[in-house]
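# Sequence and predicted structure, then a few things I'm wondering about:
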Amino acid sequence: MRFIWGRAGAIAQKEIYHVLRDPFTLALSIGLPIFMVIVFGIAIEFNVRNIPLAVYDGDNTQISRELVDIFGKSDYFIVHKVAGPKEALQKIMGNDDRAALIIPGGFQKDLFSGRVADAQILLDGSDSSTVVPILGYIKSIQQMAASQLADFKPPQNVNVKTRFLFNSELNSRWFVIPGLIVIIMALLSILLTALTVAQEWENGSMELLLSTPAEPLEIIVGKLVPYTVLSLGAVVFVYVISRTVFAVPFRGNLLVFGSGCVLFLLTYLAQGVLISVLTRTQHVAMQFAMLTGLLPVQLLSGFIFPIESMPVFFRYFTMILPARWFMVIARESYLKGSTFLELGIPFLALGITSYLMLFLATKKFKRDLEP
């Protein structure tokens, strides 16, 4: 039978009435995105700051005190002095401090006599994600100290200047919040359809719907339309918050970004329908939604861990995840202003995955229609 938009529209109208009578669905679609983007946008910070630093100044001279001041004024370290190297080590072992600066006696004397003035930095390497940024801070402070304390200036035969493109301030929120949009959209869309359709299975109304002349694709399209509109409304809320509250720039084209949103939403909404058909209970549907939706989006989409740094198997495995491709579209739309042509591969991958998910959901509906 051919697809009839009138029947799909009637199902969509019925679903709209259902959503309007369900305060939980409305609260979930409006409140959850706002809550998540504000809380996680503030809480998630990849720039390591306020590092507690234990300092032992065994020289206690003007130069050694100036070195300690350089660390304290860098906005990265919180300096407090200890009585000796052993206490500094104990502070790190007791998780009171993340690093320690040990300045031995004779530091100023070695510097003024032309010898190398040594100082030791101890770092807590148990959290490797913070060690690399801290080493970068220390390297910058070392160069600053060499210039201020010893009047050392590097040769000017080669003058290298660094310029950061697309995120000149290296503001981690500019990187995090576009990724949060992907997380929020995936979680919201898969939960909306998985829970609401599963509720119909529990109430017995889904069997009545399946007994109508409507084709499975008409049922799916009719059910997805209201939740697509709700999810796109949530995207608008998050977009406004990102631009006004967090001042994240948007350099791209709204048509490019919106097209990616629609493809991504269709994929996860169809996945939610498929989960609800397979489980038919809200409790199990939520567990499957979290397992197949939230966890892969967080861990394997590039939101936290760069895909380029993953083992080869997982680099290829992430290609089947729509969140991996929409993560590229969202971040490049915000920060780079990429066009359809430049995002051709992510759009192609999203188109294929959305078609496959709709196909699987339709096939499962066909099996359920059979007596």
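Thanks, I have it.

# burial of the residue nearest to M36 when sequence neighbours are not counted, as a residue count?
Spatially, and ignoring its direct neighbours in sequence, M36 is nearest to I184 (5.2 Å; CB to CB, 6 or more residues apart in numbering). C-beta: built from backbone N, CA, C; applies to glycine. By other CB atoms under 10 Å, the residues close to I184 number 23.

# same check, this time on S189
S189 is surrounded by 29 other residues when neighbours are defined as other CB under 10 Å.

# Not counting sequence-adjacent ones, nearest residue to it?
Spatial nearest neighbour of S189, excluding adjacent residues (CB to CB, 6+ apart): Y268 at 4.1 Å.

# Next: L20.
Excluding the flanking residues, the one nearest L20 by CB to CB, 6+ apart is L26, at 7.6 Å.

# if I read this right, the one you found contacts V19, doesn't it?
Yes: counting by CB atoms under 8 Å, L26 sits close enough to V19 to count as a contact (6.8 Å).

# ok, those two, which is more surrounded?
Neighbour comparison, L26 and V19: the larger count goes to V19, with 17 against 13 (by other CB under 10 Å).

# Show the contacting residues for the more buried one.
By CB atoms under 8 Å, 6 or more residues apart in numbering, the contact set of V19 is T25, L26, T196, P226, Y227, L230.

# What strand or helix carries it?
With secondary structure defined by DSSP states H and E, V19 is part of helix 5-20.

# which element follows that helix toward the C-terminus?
Past helix 5-20, heading to the C-terminal end, the next element that is a helix or strand (DSSP H and E) is helix 23-43.

# hang on, the earlier thing: can you mark which positions in the helix holding V19 are buried?
Neighbour-count burial for helix 5-20, counted by 16 or more other CB atoms under 10 Å, picks out R7, A8, I11, A12, E15, H18, V19.

# now swap in stretch 36-43 and tell me
Of the residues in stretch 36-43, M36, V37, G41 count as buried by neighbour count, 16+ other CB under 10 Å.

# Closest one of the residues you listed to L274?
M36 (24.2 Å; CB to CB).

# other SSEs contacting the longest helix seen in the chain?
As far as residue count goes, and with DSSP state H defining each element, the longest helix of the chain is helix 172-203. Helices and strands in packing contact with helix 172-203 are listed as helix 23-43, helix 205-210, helix 216-244, helix 254-279, helix 282-289, helix 295-300, helix 322-331; criterion 3 or more CB pairs under 8 Å, 6 or more residues apart in numbering; DSSP states H and E.
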